[in-house]
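K.L.:
need a 3D model of the following:
(chains A, B, C and D)
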There are 2 protein chains.
Amino acid sequence: MVQDGTFHLIERLGSLLRSEQRRLGAPHDLEPVHLQALAYLSRANRYSDTPIAVAEFLGLTKGNVSQRLMALERAGLLTRRPDGTDGRVVHLAPTARARTLLRALTPPPGWRAALQTAGIDEAAMVSALTALLAGLQRANAQRTFGQCQTCRFLRREKGGFVCGLTLEPLTPADTQLLCREHESAA
Amino acid sequence: MVQDGTFHLIERLGSLLRSEQRRLGAPHDLEPVHLQALAYLSRANRYSDTPIAVAEFLGLTKGNVSQRLMALERAGLLTRRPDGTDGRVVHLAPTARARTLLRALTPPPGWRAALQTAGIDEAAMVSALTALLAGLQRANAQRTFGQCQTCRFLRREKGGFVCGLTLEPLTPADTQLLCREHESAA
DNA sequence: CCCAAGTGGTATTGCAGCGATACCATCTGT
DNA sequence: ACAGATGGTATCGCTGCAATACCACTTGGG
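P.N.:
Residues are numbered from 1 along each chain as shown, chains lettered A, B, ... in the order given. Here you go, the predicted model:
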């Protein structure tokens, strides 16, 4: 097909980013999936920093993800902490070393410069791609993993924010993290 | 980082498309890389339908790609034809069955609808992403793989188009295919 | 015309991601 | 209280992937 230009471009950018991740991660014995899992965890809120959430976010099976996470823990890039109330759940957090690595490799060198010289309106691009992503996820009945600040459960009360599902208070920083229970405000 | 929204969105779309490809290809014993290789070959011109071009396009090693292509040939999805003048080169072409498969799976079901309901200006999106992709490829000294119609070597002569490198005539359809020797007209 | 360097392609090896399946522990709801 | 659902791990087999080595052919100076 001669159309579908957007599709081919996004797929191509995906391939390119993936091979970049392979190249950049190799010196640290990291495969693309490791960098992606760590990047997600560094942006996930306290309801979404679990193995099952990583698996759903990346579209991989929980069994597979469980093995990757063990490798990351052995490499000293991840810490595990059992949940306080639910005995099945564990919470994951990238270590300081992992966060340093992420800052160096994400986005890959040259990305921000390319975005600049391409003259891209970042706000418009983010809103367009967000809508596209939401549409695809709705078509597949998948989770949205949006930020709390765009979630229909978020309540703004005097003195701060509250999650309408857990009824727990959220800091302003919390509302910028990704949540597994996110549902669009529209 | 709380910015880099475009980066995270494109990476996420890439993950999503990849897992879609895995799901859609599984019934036909096709992995994501197979679909990507076939999709590329269906869009490549006669100078770019070779194993080395596939490897460069996908950012994989030629050895690996060589093995994948043999699998595709065994599966009856690809035909090989030796080059007429250069004894080292082979040309690849997806079979009719492969093209039928591609039409069914590329882009994945729901993509066009999502693009619609997101209200995306396709022309603007294509031009923005093209510029971004070109910038990234320039930063890594990679090939562009653009269409002839945007290539600085393309000559418009009376009666049709001519490639300034090979001095061979190009049909209008040819100028919409991807070329390994492509260099931006800018 | 020749030969060294470069290019396109294949063969082989080892490793690691990935799904499938099975299994266990814990939670939830009626 | 118990059946079903959910989060997580263990094990198996397959396959993508890079690395290395190797071969055939082409190219470009002398």
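
K.L.:
buried residues of the longest helix along chain A, list them for me.
P.N.:
For chain A, the longest helix by residue count, based on DSSP state H, is helix A:5-25. Across helix A:5-25, burial judged by 16 or more other Cβ atoms under 10 Å in any protein chain shown covers A:5-21, A:24-25. C-beta coordinates here come from the backbone N, C-alpha and C atoms, glycine included.

K.L.:
could you point out the helix or strand that follows that helix?
P.N.:
Downstream of helix A:5-25, the next assigned helix or strand under DSSP states H and E is helix A:32-41.

K.L.:
which non-adjacent residue is nearest the most centrally placed residue in chain A?
P.N.:
Geometric centre of chain A, nearest residue: residue A:40, 3.3 Å, by Cα atoms, centre = their mean. For residue A:40, ignoring the flanking residues on the chain, the nearest one in space by Cβ to Cβ, 6 or more residues apart in numbering or on different chains is residue A:57 at 5.1 Å.

K.L.:
how about the helix or strand where the one you found lies and DNA strand D, touching?
P.N.:
Of the helices and strands defined by DSSP H and E, residue A:57 is found in helix A:51-58. Yes: using Cβ under 7 Å from any atom of the strand, helix A:51-58 comes into contact with DNA strand D via A:51-53.

K.L.:
dump these to CSV, plus neighbour count, distance to residue B:128 and pLDDT.
P.N.:
Formatted as CSV, the residues of helix A:51-58 next to DNA strand D follow (neighbours: other Cβ atoms under 10 Å in any protein chain shown; distance: Cβ to Cβ, whole Å; pLDDT from 0 to 100):
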residue, neighbour count, distance to residue B:128, pLDDT
A:51, 20, 36, 98
A:52, 15, 35, 98
A:53, 25, 31, 98
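
K.L.:
so who does the residue nearest to residue A:40 touch?
P.N.:
Taking Cβ atoms under 8 Å, 6 or more residues apart in numbering or on different chains as the criterion, residue A:57 is in contact with A:40, A:44, A:143, A:145, A:178, A:180, B:15.

K.L.:
next, the contact list for the residue in chain A positioned nearest to chain B, please.
P.N.:
Chain A approaches chain B most closely through residue A:14 (2.5 Å), counting by Cβ to the nearest Cβ. Residue A:14 makes contact with B:10-11, B:13-15, B:17-18 under the criterion Cβ under 8 Å, 6+ apart.

K.L.:
I'd say residue A:172 and residue A:161 touch.
P.N.:
Yes: when contacts are counted by Cβ atoms under 8 Å, residue A:172 is listed as touching residue A:161 (7.2 Å).

K.L.:
which residues of chain A lie near DNA strand C?
P.N.:
Residues of chain A that fall close to DNA strand C, judged by Cβ under 7 Å from any atom of the strand: A:29, A:31-34, A:59-61, A:63-64, A:67-68, A:71, A:85-88.

K.L.:
buried ones among those residues?
P.N.:
Counted by 16+ other Cβ under 10 Å, the residues of chain A next to DNA strand C give A:32-34, A:59-60, A:68, A:71 as buried.

K.L.:
make a markdown table from the contacts of residue A:57 and add pLDDT, distance to residue B:95 and secondary structure to it.
P.N.:
Listed next are the contacts of residue A:57 as a markdown table, based on pLDDT from 0 to 100; distance: Cβ to Cβ, whole Å; DSSP: H, G, I helix; E, B strand; the rest coil:
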| residue | pLDDT | distance to residue B:95 | secondary structure |
| --- | --- | --- | --- |
| A:40 | 98 | 39 | helix |
| A:44 | 97 | 44 | strand |
| A:143 | 93 | 38 | coil |
| A:145 | 95 | 39 | coil |
| A:178 | 96 | 42 | strand |
| A:180 | 96 | 43 | coil |
| B:15 | 95 | 30 | helix |
